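In: The amino acid sequence is not available; the structure is as follows:
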């Protein structure tokens, strides 16, 4: 999963950990999980498209397929995302080329023990948004992506419950 071409960085991201650091998305996660996941994927995708890095977003459990050109989206199934990330890192041919993104202290400690870089979710968001204060402002003022527009169209055209 994390076999890198020489010099190519891989980001293994604990997706829900990052998602909960985005105040507006974290608040709607329990009511509209598909929307929140899609919004996170699109934000990370926008950042990843400008890098040569390989990016893997790992969500706990199961969910709908979230296709992306710049990000690989993985659902961990019966194991936790933390365990999935640890296992992927242990199987990596070049763990020094991997950055694990999670604010979970155990996940970060395991990453460092494997000689990978550990990055807090907040630091990752600062990196993709420029600065921490801009994160929530960006969520409030950004334009909707095409899939978000479709989501809201379906919601308002239905009986008020999104699929």
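Out: Done, it's in. Keep in mind that what you see is a predicted model, and the values were worked out from it rather than measured.

In: Select the longest helix from the chain.
Out: Criterion DSSP state H: the longest helix present in the chain is helix 33-48.

In: Check what contacts that helix and list those residues.
Out: Here helix 33-48 makes contact (C-beta atoms under 8 Å, 6 or more residues apart in numbering) with 11, 13, 15, 18-19, 22, 25-26, 28-29, 55, 57, 59, 63-64, 66, 68-71, 73, 127-128, 145, 147-148, 151, 162. Backbone N, C-alpha and C define where each C-beta goes, glycine included.

In: So how do I select the buried members of these in ChimeraX?
Out: Selection of buried members from the contacts of helix 33-48 for ChimeraX, criterion 16 or more other C-beta atoms under 10 Å:
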select :11,13,15,18,19,22,25,29,55,57,59,63,66,68,70,71,73,128,145,147,151
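
In: Take the contacts of helix 33-48 and keep only those in strands.
Out: Residues of the contacts of helix 33-48 located in strands (DSSP state E): 11, 13, 55, 57, 59, 71, 73.

In: Now residue 102: closest residue in space that isn't a chain neighbour?
Out: residue 14 (3.7 Å; C-beta to C-beta, 6 or more residues apart in numbering).

In: what's the spacing between that neighbour and residue 93?
Out: For residue 14, the distance to residue 93 (C-beta to C-beta, to the nearest Å) stands at 21 Å.

In: For residue 53, what are phi and psi?
Out: When read as degrees, to the nearest 10, the backbone of residue 53 gives phi -80, psi 150.

In: And for it, the neighbour number?
Out: One way to gauge burial is a neighbour count; for residue 53, by other C-beta atoms under 10 Å, it gives 16.

In: List the contacts of it.
Out: Going by C-beta under 8 Å, 6+ apart, the list of residues near residue 53 reads 8-11.

In: same deal with residue 21?
Out: Counted by C-beta under 8 Å, 6+ apart, residue 21 has contacts 103, 121-122, 125, 135.

In: for stretch 91-100, which positions count as buried?
Out: By neighbour count on 16+ other C-beta under 10 Å, the buried set for stretch 91-100 is 92, 94-95, 97-100.

In: out of the contacts of helix 33-48, which are inside helices?
Out: 15, 18-19, 25-26, 28, 127-128, 147-148, 151.

In: Max pairwise distance over those residues: which two?
Out: Greatest spatial distance in these: 127 and 151, 26.6 Å, computed using C-beta to C-beta.
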